[in-house]
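Enquirer: Just need the structure, nothing else, for what follows:
(one chain, ligands or ions: 3)
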Amino acid sequence: MQNIQSYVQEHKDRFINELFELLKIPSVSADTAYKDDVIKTASEISKSLKDAGCDAVEICETPGYPIVYGEKIIDKNLPTVLVYGHYDVQPADPIDLWDSPPFEPVIKKTDIHPEGAIFARGSCDDKGQMYMHVKALEIMTKTNQLPCNVKFMIEGEEEVGSKSLSWFVERNQDKLANDVILISDTGMIAKDVPSITTGLRGLSYVEVEVTGPNRDLHSGLYGGAVANPINILTKMIASLHDENNHITIPGFYDKVENLSTEERAEMAKAPFSLDAYKKSLDIGAVYGEEGYTTNERNSIRPTLDVNGIWGGYTGEGAKTVIASKAYAKISMRLVPNQDWEEITELFKNHFENIAPEAVTVKVTPHHGGQGYVTPIDNTGYKAASKAYQDTFGKTPIPQRSGGSIPIVSLFEKELKSKTILMGFGLDSDAIHSPNEHFGVWNYLKGIETIPYFYKYFTELSK
Ligand code: BES
Ligand code: MN
Ligand code: MN
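Expert: Numbers count the residues shown, from 1 in each chain. Ligands and ions are numbered 1, 2, ... in the order given. Now for the predicted structure:
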């Protein structure tokens, strides 16, 4: 394609500065204290879509945060690409662990990113990756190379379960009609090992509350004679895995798709160093389900993890007390065919069943979603693969990811189209963690690669 690389080179400083402006707004969807900032981010994105060449841009109100919609329709007979992304970010805490303030973006060099990486909450997940698409559209419109129609749908509740987006998609099927959905909200294996994400895990997220005595008790006067909810909760949680690290909830694995030996052998070809993995995390050994490799454990197998646990006294010094209540937040990552609502129900029944009579338990489901797998023999995948070949000089590897974007399976159900996941982040970019960053090289390479996707998708759709 003409001029794409030179356009990126010429405008890269502006591309970075524009992203910085977005990153300065703390659009934390989980915390209502940031409500105005979340809404402001939506309006900034709508402006940038207009500047990039969208003809019609709307800020669509929903029961929650608005959805930014934009489109450029050049010819009804040409294919339409629907771009999805999210402008909300995870909370920044623990703030003390950031080396620079999370909403004051700076470029710093790292071993993996010697050209520099943008450090800020949302730099990789997902403002930086979403904005690559806005800049790719700018390039295509400014250089007269947009080959097909494009629609943008950027939401502000991905990190909290995309409730309003489900509402919006169900009500706007015609408006959102498309031939393929394109998302950059995942990662790739390494800068010299491009990959396309072909699977996402589903999710069931629950909160549990264990109640013992009706009030906090003196642990000397009552200790040993009544159930301590924290002791009980930890025991119940421990029992959710057996000695082989299989999950013990009856029926949990019933629908899990077992991959064939060939498929597993194919997966094992992806470059991976267990030593480098352990080193990057400062761990002496990996840990997980018996009979599966690390890459299998975090992609094709379901999991159950405690995300947070609390109760009792955690302040300074010591307090001798048996708390009345103990709590935990638990996530289960699911694989295709497992139904998240069914799994939530199985969890609830099991957790209630294993509770001793001395306590009562309450299980509250939070949110969830189905997993997703996309075949690699469709036009969208082929177009993406050719795009990477042009800009990376290598055929990308298909790879199933362990993360979740629950709305993707709803897109398939409601909009009847496949999603192509062209992620440019790296696992080491620390998304959801302190010091999240996104390589400048990755950002610019993404911007450069996306126009080729449009080109090949249009050509292959003929
Ligand atoms: N972008 C991530 C998901 C992701 C990251 C998938 C890297 C694959 C590779 C997304 O923003 C996210 O964090 N999703 C949540 C689920 C959501 C319902 C809160 C997740 O996976 O925990
Ligand atoms: Mn994301
Ligand atoms: Mn995220």
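Enquirer: rest of the way, CA atoms for contacts and neighbours
Expert: Will do.
Enquirer: quick one: buried residues of the worst-scoring helix or strand of the chain on mean pLDDT?
Expert: The weakest-scoring helix or strand in the chain, judged by mean pLDDT, DSSP states H and E, is helix 261-267 (a mean of 91). For helix 261-267, burial by neighbour count (16 or more other C-alpha atoms under 10 Å) applies to M267.
Enquirer: Mind listing residues that contact the helix or strand following that helix?
Expert: Toward the C-terminus, helix 261-267 is succeeded by helix 274-281 as the next helix or strand (DSSP states H and E). For helix 274-281, contacts defined as C-alpha atoms under 8 Å, 6 or more residues apart in numbering pick out 284-286.
Enquirer: one more time with 10 Å
Expert: 273, 282-286, 293-295, 428 (C-alpha atoms under 10 Å, 6 or more residues apart in numbering).
Enquirer: export that helix as CSV, just CAs?
Expert: Written as CSV, here are the backbone C-alpha positions of helix 274-281 (Å, rounded to 0.1, in the frame of the first residue of the first chain):
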residue,chain,number,x,y,z
LEU,A,274,9.5,-22.2,30.5
ASP,A,275,12.8,-20.8,32.0
ALA,A,276,12.2,-17.3,30.7
TYR,A,277,8.6,-17.5,31.9
LYS,A,278,9.6,-18.5,35.4
LYS,A,279,12.3,-15.9,35.4
SER,A,280,10.0,-13.1,34.3
LEU,A,281,7.7,-13.9,37.2
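Enquirer: residues contacting the closest residue in space to P434 that isn't next to it in sequence?
Expert: Leaving aside its sequence neighbours, P434 sits nearest to W98 (C-alpha to C-alpha, 6 or more residues apart in numbering; 5.1 Å). Contact partners of W98, counting by C-alpha under 10 Å, 6+ apart, are 92, 119-121, 433-436.
Enquirer: export those residues to JSON lines and tack on distance to T141?
Expert: Shown next, in JSON lines, are the contacts of W98 (distance: C-alpha to C-alpha, whole Å):
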{"residue": "A92", "distance to T141": "35"}
{"residue": "F119", "distance to T141": "29"}
{"residue": "A120", "distance to T141": "29"}
{"residue": "R121", "distance to T141": "30"}
{"residue": "S433", "distance to T141": "36"}
{"residue": "P434", "distance to T141": "36"}
{"residue": "N435", "distance to T141": "34"}
{"residue": "E436", "distance to T141": "31"}
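Enquirer: just curious, which of those is nearest to ligand 2?
Expert: Here the nearest of these to ligand 2, counting by C-alpha to the ion, is R121; it sits at 11.4 Å.
Enquirer: and the closest one, what element?
Expert: Going by DSSP H and E, R121 is not part of any helix or strand.
Enquirer: Quick one: name the residues of the chain near ligand 2.
Expert: Contact residues, the chain versus ligand 2 (C-alpha under 5 Å from the ion): 125-126, 185.
Enquirer: circling back: out of the contacts of W98, grab the one that's most surrounded.
Expert: In terms of neighbours by other C-alpha atoms under 10 Å, these top out with R121 at 37 neighbours.
Enquirer: Show the contacting residues for the residue nearest to that one when sequence neighbours are not counted.
Expert: Distance criterion C-alpha to C-alpha, 6+ apart; nearest residue to R121, sequence neighbours excluded, is P102 at 5.2 Å. Contacts for P102 were tallied using C-alpha under 10 Å, 6+ apart; they are 23-24, 26, 91-93, 95, 119-123, 434-437.
Enquirer: Looking at those, spot the one nearest ligand 1.
Expert: Among these, G122 lies closest to ligand 1 (C-alpha to the nearest ligand atom), at 9.3 Å.
Enquirer: how many other residues sit next to the closest one?
Expert: 34.
Enquirer: beta partners of the residue nearest to it when sequence neighbours are not counted?
Expert: If the residues on either side of it in the chain are set aside, G122 comes closest to V89, at 5.4 Å by C-alpha to C-alpha, 6+ apart. Taking DSSP bridges as the rule, V89 bridges to V28.
Enquirer: my guess is V89 meets G156, correct?
Expert: Yes. Using C-alpha atoms under 10 Å, V89 is in contact with G156, at 8.2 Å.
Enquirer: Which residues are in contact with each of the two?
Expert: Common neighbours of V89 and G156 (C-alpha under 10 Å, 6+ apart) are 27-29, 38.
Enquirer: give me the number of residues near N353?
Expert: N353, neighbours per other C-alpha under 10 Å, totals 11.
Enquirer: dump the residue contacts of it.
Expert: 347, 361.
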